[in-house]
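Undergrad: Got a sequence here, can you build the structure:
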Amino acid sequence: MEEPAEVRVGRGQRLYEACREDLELFGVEELEERLGILRAEQARVEAQIDRKRSGRAAADALFAPRAN
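TA: Okay, here's the model as predicted:
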């Protein structure tokens, strides 16, 4: 009999699932740790957005039509 295929988790699915967890089950220290992780993730996402925006701005500047 074949092994079941490994289920692929969609992009962002784990984050979505974590956001739906019942926080009532966590203690204060666990919640503080979770908040630290979320803040670090927010900083990481904001840095990636900044990199993408500056890359886009550089491409726009390079390929923009030139005024005569």
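Undergrad: so where do the helices sit in the protein?
TA: Assigned by DSSP state H, the helices in the chain fall at 13-19, 28-63.
Undergrad: so which of those helices comes closest to residue 6?
TA: helix 13-19 (14.2 Å; CB to CB). Heads up, the C-betas are built off the backbone N, CA and C, glycines and all.
Undergrad: And the residue nearest the centre of this structure?
TA: residue 45 (5.4 Å; CA atoms, centre = their mean).
Undergrad: quick one: pLDDT of that residue?
TA: As predicted, residue 45 sits at a pLDDT of 97.
Undergrad: From residue 37, how far off is it?
TA: Here residue 45 is placed at a distance of 13 Å from residue 37 (CB to CB, to the nearest Å).
Undergrad: Tell me how many other residues crowd residue 44.
TA: Look at residue 44: counted by other CB atoms under 10 Å, it has 10 neighbours.
Undergrad: Where does pLDDT dip in this protein?
TA: 1, 68 (pLDDT under 70).
Undergrad: what about 50?
TA: Regions of the chain meeting the criterion pLDDT under 50 are absent.
Undergrad: Can you check which residues contact both of residue 45 and residue 37?
TA: Overlap of the contact sets of residue 45 and residue 37 (by CB atoms under 8 Å, 6 or more residues apart in numbering) is empty.
Undergrad: can you list the residues that contact stretch 31-50?
TA: With contacts defined as CB under 8 Å, 6+ apart, stretch 31-50 is touched by 23, 26.
Undergrad: One more pass at 6 Å, please.
TA: The contact list for stretch 31-50, computed with CB atoms under 6 Å, 6 or more residues apart in numbering, is empty.
Undergrad: How far away from the center of its chain is it?
TA: 9 Å (CA atoms, centre = their mean, to the nearest Å).
Undergrad: do stretch 2-10 as well
TA: That offset, for stretch 2-10, works out to 23 Å (CA atoms, centre = their mean).
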